[in-house]
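Colleague: give me coordinates for this.
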Amino acid sequence: MGRFARVLCAFAGLVAASPVAFSQTSAPTSDGGDQLSEITVTAEKRAEPEQKTPISMSVFTAEEITKKGIVDFQTLAAQEPSLSFTQAGSEGSYLTIRGVSSHDVTEIGDPAVPVVVDGFTTIRPYTLTSVLYDVDRIEVLRGPQGTLYGRSATGGLINVSTKRPDNSFSGGGYVETGDFSMINTFGWLNIPLNNTFQVRVSATSRRHDGYVNAPSSDGVEGQRGDDEDSRSARFQLAFSPNDVFNGWLMYQITHIGGAGFVNKFIPFIPAAPTGNIYHGQIGVGSVSSFPLYGSASQDIDDKVVKWQFVYSGLPAGISITAIGGYDNLEFKHHAPAPTILGVPLTTALEGEQNEFPKTINQEIRVASDSAGPFIWQAGLYYFQERSTNLHSSATESPNSAAAQTLFDFLFPLVETKSRAAYGQASYAINNSNKITAGVRYSQDTKSRNGSFEIPIFGLYNLPDQGASKSSKTTWHVGYDWQATEQNLIYGKVDTGYKPGGFTTCGSYNPETVMTYEVGSKNRANDNRIQVNAAAFYNEYKDQQVSALSPSCASGTVVQNAGKSEIYGLELSAEALLTRLDKVTFNATFLHARFVDFVASPVLGNPAAANCANVVTTPYGLNCQLDGNTLTQAPTASLMAGYDHTWELPDDVGINFRVQGTYVTKQYFDPFNFGDSKQGGYGLVGSDLSYSKDKYKISLWGRNLANKQYLVQASEYAGGGASLYQYGFGAPRTFGVRFEASYQ
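Modeller: Next up, the predicted model:
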């Protein structure tokens, strides 16, 4: 706490000085070009300027999303220093903010950084592969969002708002091509049918060959991995029959195919003299060509309906909003599953995972208007996910006469439910000072019924059921000081909670986090400079971690094994050097350490795994990992960019943008072994565009230095065999995009 106190004192000095440094600035205008534009966000579930919202956040507008090539959550993470995207093997992905994430990507796991799209939440990890298109704004909210957004947002939250129909007749799109046989298309059309009804239709398709060449191996044909093959279409209808009522309906259909993400498996290196696995850093060899020992494919079909109705005709400007939706998703996936039950690595062996989750979101919110000193909102929330006929299996020598099933999990029903009631209010003491308080009560249940089989051992219909119930009251208190029209200083305390759950062999309790945050948001130099900063301290308790259990059929259990201490500083700045020159800088400095974390290494006994402190638990000998760095928690993440425009006659413009990112050392495993370490690395990308009237042509490049870096690393064990498992980031890519619009 001593180091954090020094960071906090230094930050307090910074924010205390900011009103003096920026007090001569003028109020923001809507002129655009000569000044930084003001962005409206909905981070607190009401429209308000970003610079007056007391939350540490990054906001990406529609223009930035296109220019920076943000098409999914992996490319979003590449543009946001505080956000990390990790591909968790072949089963799914997860996001990390401020060192907080959830590695449980099973059918009963919950994310620590959920994604909310137009008020609709999904929790399955494979939904992070969905393409983002026709997006109006992406808000990356850092820190717990447990009051307004509820369960599982212990690390933060991604709030995505798509473009809605409006009263202008407009349309446009782009065609993009590049290396790896890339062909991407996007188009949209907005039609105002009359003063009451508006329609918007948009669609996209994205395809490129895989970055990884997987040559043929024993019984497996050659193919390419880390490819993309997706398409999606969205239809929206907005209507406003009068001044106090408006509605919105949306239907979207998406298909994702191809091989998907693939891992490289490397046989373990024995460490002398014990013969235990070597945990140090190893050479991973080629990242662009390696055998898979099994075919890879994914087949995801998603159909979603959403709606929103707002009535603002109640007395005193009170409005009521109803938000809801239904998502019917089918997930079918094949991936190599090496070493299960001792099968040699070179033997063709595939895992199959089929899930069919159906998700319902319902929310009713009542809110005051934004005028007056007292502003409030309250709501009820309901979430349900029912996954039917889940089937998971592994087959040796598939598609051959020698094929045999090694194991088979059958779950007729996996169900998650969440109910919540919340309220938040703020009171303006005067024109400069405001206090805010909020509270939320959540109740969550999970259940699973089914069985598993191990046919090669003659084991059939073994029951595998479980259920859990947990509840928690989370809260928020905050104080805002609007020192000048251009300078906001705030302090707040937030709590977050992730529900408890169960494994085959037992249950585990919820985990909680309490975050203290102070921040400052500032504009200066006639609204040409923006500097925002936030310092935070997290107390993370009852962390849900995995441990080996020889007595458990699944081999692992999840237990509440400790707490963590996380604190850091986040900075962002942008400045218009001239009307045509813009610079940006973002930085996250993070200290994330386990204070009490008892877990067992995946491979090898604790005494041989470089554990400084070996302890005895009900699950056997384990390591006490206090002092280790949390996963995906680099000490520093830095990003800087420069943007210049040349204005030429006849409405011609040429724009050049370059951006660099540097991330310090990080680990993908809490044991901080060398075999799960990614050293510090930097990435550089640039864009050059030519525009005239409603047309634009752009040349772009990503990862120009062709840096090889990890997006996943772990030790993998199965049936006595031991492997290192790695996943890699995208290589250098180039493309050209032609855009056109009419409005």
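Colleague: make it CA atoms for all contacts and neighbour counts henceforth
Modeller: Fine.
Colleague: mind showing which ranges of the stretch 451-600 of the chain have poor pLDDT?
Modeller: Applying pLDDT under 70 to the stretch 451-600 of the chain flags residues 545-557, 561.
Colleague: ditto for the stretch 1-150 of the chain
Modeller: For the stretch 1-150 of the chain (pLDDT under 70), the answer is 1-33, 89-91.
Colleague: please enumerate the strands of it.
Modeller: Applying DSSP state E, counting those that start in this stretch to the stretch 1-150 of the chain gives strands spanning 40-41, 48-49, 57-61, 83-88, 92-97, 115-117, 120-122, 135-142.
Colleague: which residues does the longest one contact?
Modeller: Counting contacts by Cα atoms under 8 Å, 6 or more residues apart in numbering, the residues outside strand 135-142 that touch it are 41, 43, 55-62, 65, 82, 97-98, 155-163.
Colleague: ChimeraX command for the buried members of the residues you listed?
Modeller: In ChimeraX, a selection of the buried entries from these looks like this (16 or more other Cα atoms under 10 Å):
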select :41,43,55,56,57,58,59,60,61,62,65,82,97,98,155,156,157,158,159,160,161,163
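Colleague: to L329, which of the strands of the stretch 1-150 of the chain lies closest?
Modeller: Among those, strand 120-122 comes nearest to L329, with 10.5 Å by Cα to Cα.
Colleague: what's next to the closest one, contact-wise?
Modeller: For strand 120-122, the surrounding residues in contact (Cα under 8 Å, 6+ apart) are P114, V115, V116, K306, G324, G325, T359, N361.
Colleague: out of these, which is most surrounded?
Modeller: Using other Cα atoms under 10 Å as the neighbour test, the contacts of strand 120-122 are led by P114, with 26 neighbours.
Colleague: next, it: phi, psi?
Modeller: phi -70, psi 160 (degrees, to the nearest 10).
Colleague: quick one: residues contacting it.
Modeller: By Cα under 8 Å, 6+ apart, the contact list for P114 reads L95, T121, T122, I123, S152, A153, G156, L157, I158.
Colleague: same deal with V116?
Modeller: T122, L157, I158, N159, V160.
Colleague: so in terms of bridging, what pairs with the last one?
Modeller: Counting by DSSP bridges, V160 forms beta bridges with V117, I138.
Colleague: and it, what pLDDT?
Modeller: For V160, the model assigns a pLDDT of 96.
Colleague: and it, how far from I360?
Modeller: Going from V160 to I360 by Cα to Cα, to the nearest Å gives 18 Å.
Colleague: with T405 instead?
Modeller: From T405 to I360 the distance is 35 Å (Cα to Cα).
Colleague: between those two, point out the one with more neighbours.
Modeller: Neighbour count, other Cα under 10 Å: between T405 and I360, I360 has more, with 21 against 18.
Colleague: quick one, what contacts the more buried one?
Modeller: When contacts are taken as Cα under 8 Å, 6+ apart, I360 is in contact with G324, G325, Y326, D327, Y382, F383, Q384, E385.
Colleague: list the buried residues for the strand ranked longest in the chain?
Modeller: For the chain, the strand that runs over the most residues, judged by DSSP state E, is strand 404-428. Residues of strand 404-428 classed as buried: 404-411, 413-428 (neighbour count, 16+ other Cα under 10 Å).
Colleague: now stretch 208-227
Modeller: So, applying 16+ other Cα under 10 Å, buried residues of stretch 208-227: 208-214, 216-217, 219-220, 222-227.
Colleague: so V518 bridges to which residues?
Modeller: Going by DSSP bridges, V518 forms beta bridges with G491, A535.
Colleague: before we move on, back to that, so which of the contacts of strand 120-122 is the closest to H334?
Modeller: T359 (23.3 Å).
Colleague: now that closest one, which residues is it bridged with?
Modeller: D327, E385.
Colleague: start at 767, not 1
Modeller: Got it, the first residue is 767 from now on, which makes the last one we talked about T1125.
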